[in-house]
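Participant: following is a predicted model, sequence given first.
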Amino acid sequence: MHWAQSVSKLTRTHPAIAQGRVRLFVLPSLPALPAVKDAFRGTPVSIGAQDLFWKDRGAFTGAVSGTDLRAVGCSYVEVGHAERRTIFGDDDETVGRKLAAALRNHLTPVLCVGETEKSDSAQAALETVHELESALTDVVPSDGGHDLIVAYEPRWTIGQTQPASPEHIGRVITELRQRLASDHRIRASSVLYGGSAQPGTLSMLGRKADGLFLGRFAHDPKQFALILDEAAALNNSQLRMG
């Protein structure tokens with residue numbers, strides 16, 4: 001809550017946020033959702049959840065549905081994070097079901113993809129595009145199409161001191177963008193970079209990514225403010241960060 005209140009104050013005065021040149025969404029843990037939503041009330045910041053179940057209703061003890069997330073004010077939901085895949089066993093089929101459930105409930109999915117082991121950029125692109133295609137399997141067309149955010153987060157960079165190289169990131173994101181552009185079901189998409197994303201990463205990437213998917217380096221509001229300044233200085237077009 002201290003973080004949410006600090007960042008809320010920042011977003012109310014930061015010109016890039018106020019002018020819509022940088023868009024920000026926050027995905028807190030489930031118990032914090034209502035309080036964080038209140039902290040950002042009156043700001044352009046959107047709120048989402050870190051996971052959802054693939055069914056909307058039924059006897060699924062402990063599961064939280066997209067219907068419920070939408071009812072408590074979520075606009076976004078994270079799907080397929082590396083920890084969900086490796087610790088909780090979310091396989092490709094599960095991720096696809098969850099993505100479809102998010103779209104069905106008018107939530108913008110933040111789909112996490114990324115190769116497991118360090119490899120060359122061509123192999124990494126093949127693996128991440130496969131994850132994207134698998135996740136889209138259960139998506140049905142809709143009038144006007146769907147909005148989708150893809151967070152490219154190489155798993156081997158999580159928790160490290162440095163992100164992947166700009167060349168590596170650029171190759172993979174280019175392939176992801178091309179796949180998204182060819183899908184008639186997708187109306188609008190953004191590809192963010194995560195995986196030790198930190199101050200300096202956005203400037204390093206330039207237009208190779210549409211924004212950043214931030215973790216621990218955003219936990220300090222002062223560091224987060226530096227990243228917002230960096231995004232604002234990059235150019236006047238819209239960037240998205242989460």
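Facilitator: Good, I have the coordinates.
Participant: what about the nearest residue to Gln160 once chain neighbours are set aside, distance to Arg216?
Facilitator: Spatially, and ignoring its direct neighbours in sequence, Gln160 is nearest to Ser196 (5.0 Å; CB to CB, 6 or more residues apart in numbering). C-beta coordinates here come from the backbone N, C-alpha and C atoms, glycine included. In this structure, Ser196 and Arg216 are 9 Å apart, going by CB to CB, to the nearest Å.
Participant: try Val64
Facilitator: Counting by CB to CB - Val64 and Arg216 are separated by 24 Å.
Participant: looking at this structure, which helix or strand is least sure?
Facilitator: Lowest by mean pLDDT, DSSP states H and E among the helices and strands of the chain is strand 239-241, with a mean of 70.
Participant: returning to what we had before: would you mind measuring from the residue nearest to Gln160 to Leu30?
Facilitator: In terms of CB to CB, Ser196 sits 25 Å off from Leu30.
Participant: okay, the two: which has more neighbours?
Facilitator: Shown here are Ser196 and Leu30; by other CB atoms under 10 Å, Ser196 has more neighbours (19 against 12).
Participant: thought the more buried one was touching Trp156?
Facilitator: No. Taking contacts as CB atoms under 8 Å, Ser196 lies outside contact range of Trp156: 10.0 Å.
Participant: now do the SS call for Phe25.
Facilitator: Look at Phe25: counting by DSSP: H, G, I helix; E, B strand; the rest coil, its state is strand.
Participant: which residues touch it?
Facilitator: Each residue near Phe25 by CB atoms under 8 Å, 6 or more residues apart in numbering is listed here: 45-48, 75-76, 110, 240-242.
Participant: which of these sits closest to Phe88?
Facilitator: Within the contacts of Phe25, the smallest distance to Phe88 is 16.9 Å, found for Val110 (CB to CB).
Participant: tally of neighbours for the closest one?
Facilitator: Val110: 27 surrounding residues under other CB under 10 Å.
Participant: how about it, secondary structure?
Facilitator: Strictly by three-state DSSP, Val110 counts as strand.
Participant: right, I'll leave it there.
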